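> fold the following.
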Amino acid sequence: MKKVYKIALCALCVIAMATSCVKDLDVENINPQQVSTLQTDSLFNKIYSAFALTGQIGPSDNGDLADIDEGFSDYFRMLFYANELTSDEASWIWISDPGISDLQHNTYGSDNSIIIGLYYRIYFTITLCNYYLDQVAADGTEETAARRAEVRFIRAFCYYNVMDLFANASFTETVSSEPGQRYTRAEYFNYVESELLAIESDLKDPGENDYGRIDVVADWLLLSRLYLNAEVYTGTAQWQNAKTYAENVLKNGYYELCPSGATSSTGEKFSAYQMLFLADNNSSAARKEIIYPVMLDGVKTTSYGATNFLLKATYSSDMSATVPSGTNDSWGKCLRVKGSLIDIFADEDLDNIDNVAAMTSLCGDDRALFYSSGFSRYILDETDSKQGYSCVKFRNVTSTGAATSSNDYVDTDLPLMRMAEAYLTYAEADTRLHNGEPTKDAADMINVLRERANAETQQIYYLEDILNEWAKEFWFEGRRRMDLVRFGLYGGSNSYTWEWKGGVADGTAFGSFRNIFALPVNELENNPNLIQNTGY
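Here you go, the predicted structure:
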């Protein structure tokens with residue numbers, strides 16, 4: 001008898017320990033009549049699916065992580081909670097859900113269930129990568145070299161998240177029962193940098209890989225992000241490197257900003273910016289802007305994470321009457337936009353608007369994809385569903401009007417990394433290289449994005465303007481906390497507040513130690529090499 005060994009199932013043991021006491025994945029069969037074989041293609045796919053799926057069967061059965069609600073346990077969903085609910089952009093109405101209140105009020109500690117889940121999800125994915133690299137040796141072929149490089153990229157992406165979120169945590173490149181060694185933030189930085197530089201020559205050229213797989217442009221974009229935040233991570237700025245690698249992305253020769261919108265068979269008009277977040281973004285002109293897509297399919301990728309989460313959480317059925325979500329709207333707008341984000345777009349009264357054209361026209365920006373009919377602008381009561389505008393940025397409808405595969409789960413791919421980031425990275429790095437003084441090169445980069453969004457251009461952009469552009473271009477895409485930290489406006493700052501910052505409706509300061517999260521309590525108990533982050 002031959003039994004196919006499902007590596008992902010065996011990797012479930014990771015949760016009990018993450019990196020502290022990783023069990024041996026080379027498990028022997030109890031029945032000596034059975035032979036286990038590794039399916040390397042399945043493992044490779046499992047690694048890529050880590051950002052979209054949460055288990056082996058469906059959205060709520062046989063999940064990867066034990067003792068964690070599977071619906072909450074998606075990589076991107078928890079990353080979104082950590083970076084958006086803690087910032088000036090997003091608010092979750094079910095404040096009593098485990099871990100939510102602490103995140104929205106910036107009072108999180110080492111027992112926050114969502115941060116614990118995120119920690120173990122990241123290390124679960126790292127373990128899968130380590131196992132693949134242990135088992136799949138270089139064989140001299142370009143395809144194997146490319147696959148190994150892609151897995152190393154995903155591992156580096158995961159360790160980048162560890163560095164950004166936790167700063168000082170566990171590190172290992174092997175699957176072992178030995179506890180991982182403690183890495184400092186600076187050590188993580190050096191590791192991620194060295195890995196990304198080392199795999200550059202093995203990754204496929206721009207646009208030469210299958211859609212959904214990583215090529216060298218993703219590598220350059222992550223390097224530019226790493227260098228943009230280098231001063232936060234190491235104490236030493238690397239603005240020139242950030243600018244250089246952003247320029248590499250800009251000159252890649254294949255990827256480009258989505259240049260135009262479309263009109264569907266229903267008569268609805270979509271802007272070029274909207275095209276990025278529709279159900280056919282894998283086949284429309286938006287495809288060439290998305291450097292690293294997390295692929296979703298309404299039948300094959302059923303989870304409560306990624307864009308499934310973003311769509312289900314932001315719509316109610318009454319909204320779909322004028323801005324169809326393309327889903328069953330079953331979550332009833334539990335995820336809302338904070339008024340502080342709306343303020344970045346416009347000072348005007350924007351209440352009672354139920355269509356995209358009117359909202360974007362009043363804001364003078366195609367990126368202002370908000371719905372305000374029946375809702376107030378600011379969230380003074382976190383449990384009141386009528387407070388806070390809603391997001392209509394992500395939709396499970398096609399630009400042509402063609403049907404999607406399902407309205408229970410979505411076809412809309414998640415743009416995890418996209419070209420627009422390089423424009424803003426270049427602009428910010430160039431401005432900082434000139435001691436914060438506006439430059440023509442920075443203005444040119446920002447104006448390309450603003451022109452695409454039909455927003456009025458400017459000749460001068462100060463750093464504060466650039467931070468606002470980060471919000472306008474990437475709101476609800478899971479990165480806001482990182483940008484606020486880099487600009488010194490997150491923990492320890494009294495100069496900028498938002499609704500419920502620090503647990504107060506009008507906002508108040510909280511300690512700078514919360515710029516990073518606490519290590520889970522049981523991780524410290526299982527790994528004697530680790531030390532809790534200061535302040536927790």
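> who does the lengthiest helix in the chain touch, helix- and strand-wise?
In the chain, with assignment by DSSP state H, the single longest helix is helix 142-166. Helices and strands touching helix 142-166, by 3 or more C-beta pairs under 8 Å, 6 or more residues apart in numbering; DSSP states H and E, are helix 40-48, helix 113-135, helix 185-199, helix 216-228. Any C-beta I mention is one placed from the backbone N, CA and C, and that applies to glycine too.
> contacting residues for the spatially most central residue of the chain?
Among the residues of the chain, the one closest to the centroid is Gly478, at 4.3 Å (C-alpha atoms, centre = their mean). For Gly478, the contacting residues are Phe76, Leu79, Phe80, Asn83, Glu84, by C-beta atoms under 8 Å, 6 or more residues apart in numbering.
> helices along the stretch 401-536 of the chain, start to end?
Assigned by DSSP state H, counting those that start in this stretch, the helices in the stretch 401-536 of the chain fall at 420-433, 440-452, 463-474, 480-486, 521-526.
> hmm, back to that, wait, which of the helices and strands packed on helix 142-166 is closest to Thr431?
Closest to Thr431 of the helices and strands packed on helix 142-166 is helix 216-228 (C-beta to C-beta; 11.6 Å).
> which residues does whatever helix or strand comes next after the closest one contact?
Of the helices and strands lying after helix 216-228 in sequence (DSSP states H and E), the nearest is helix 230-234. Identification of contacts with helix 230-234 by C-beta under 8 Å, 6+ apart yields 163-164, 185-186, 188-189, 226, 236-238, 241-242, 485-486.
> please identify which pair of those lies farthest apart.
Across the contacts of helix 230-234, the longest distance by C-beta to C-beta is 19.1 Å; it joins Asn241 and Val485.
> who's more crowded, those two?
Val485 (22 against 17; other C-beta atoms under 10 Å).
> for the more buried one, what are its contacts?
When contacts are counted by C-beta under 8 Å, 6+ apart, Val485 touches Val232, Gly491, Asn515.
> hmm, try it at 10 Å
Asn83, Ser87, Asp164, Asn229, Val232, Gly491, Gly492, Ser493, Ser512, Arg514, Asn515, Ile516 (C-beta atoms under 10 Å, 6 or more residues apart in numbering).
> Val151 too?
When contacts are counted by C-beta under 10 Å, 6+ apart, Val151 touches 43-44, 47-48, 128-133, 136, 199, 214.
> make JSON lines out of those residues and add pLDDT and distance to Asp506.
Converted to JSON lines, the contacts of Val151 look like this (pLDDT from 0 to 100; distance: C-beta to C-beta, whole Å):
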{"residue": "Leu43", "pLDDT": "95", "distance to Asp506": "50"}
{"residue": "Phe44", "pLDDT": "96", "distance to Asp506": "50"}
{"residue": "Ile47", "pLDDT": "96", "distance to Asp506": "44"}
{"residue": "Tyr48", "pLDDT": "96", "distance to Asp506": "43"}
{"residue": "Leu128", "pLDDT": "97", "distance to Asp506": "44"}
{"residue": "Cys129", "pLDDT": "98", "distance to Asp506": "44"}
{"residue": "Asn130", "pLDDT": "98", "distance to Asp506": "46"}
{"residue": "Tyr131", "pLDDT": "97", "distance to Asp506": "49"}
{"residue": "Tyr132", "pLDDT": "98", "distance to Asp506": "49"}
{"residue": "Leu133", "pLDDT": "98", "distance to Asp506": "50"}
{"residue": "Val136", "pLDDT": "96", "distance to Asp506": "54"}
{"residue": "Ile199", "pLDDT": "98", "distance to Asp506": "47"}
{"residue": "Ile214", "pLDDT": "97", "distance to Asp506": "43"}
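> what sits against Cys80?
No Cys there; residue 80 is Phe. Phe80 is in contact with 74, 89-90, 118, 305-306, 309-310, 313, 335, 476-480, counting by C-beta under 10 Å, 6+ apart.
> wait, Phe153
So Phe153 contacts 129, 195-196, 199-200, 202-203, 213-216, 218-219, 222, 292 (C-beta under 10 Å, 6+ apart).
> and those, which are buried?
Among the contacts of Phe153, the ones that count as buried by 16 or more other C-beta atoms under 10 Å are 129, 195-196, 199, 202-203, 213-216, 218-219, 222, 292.
> nearest to Gly180 among the residues you listed?
Looking across the buried ones among the contacts of Phe153 and measuring by C-beta to C-beta, the closest to Gly180 is Cys129, at 13.8 Å.
> now do the longest helix of the chain: distance to the chain's middle.
Mean-position distance between helix 142-166 and its chain equals 15 Å (C-alpha atoms, centre = their mean, to the nearest Å).
> by how many degrees do it and helix 185-199 diverge?
160 degrees (axes from the mean of the first three to the mean of the last three C-alpha atoms, to 10 degrees).
> from the rest of the structure, what touches the next helix or strand after helix 142-166?
Counting by DSSP H and E, the next helix or strand C-terminal to helix 142-166 is strand 169-171. Contacts to strand 169-171, defined as C-beta under 10 Å, 6+ apart, come from residues 17-20, 22, 119, 122-123, 126, 159, 162-163, 179-185, 187-188, 191, 516-517, 519-520, 523, 526-527, 529-531, 533.
> so of the contacts of Gly478, which ones are in helices?
Those of the contacts of Gly478 lying in helices (DSSP H): Phe76, Leu79, Phe80.
> between the residues you listed, which is nearest Gly140?
Distances from Gly140 to those, taken as C-beta to C-beta, are shortest for Phe76 (35.3 Å).
> residues contacting the closest one?
Here Phe76 is in contact with 50-52, 121, 294, 303, 305-310, 414, 416, 477-478 (C-beta under 10 Å, 6+ apart).
> look up how far Phe476 lies from it.
Phe76 is 11 Å from Phe476, where distance means C-beta to C-beta, to the nearest Å.
> ok now stretch 121-132, how far from the chain's centre?
18 Å.
> can you check stretch 369-384 too?
Relative to its chain's centre, stretch 369-384 lies at 24 Å (C-alpha atoms, centre = their mean).
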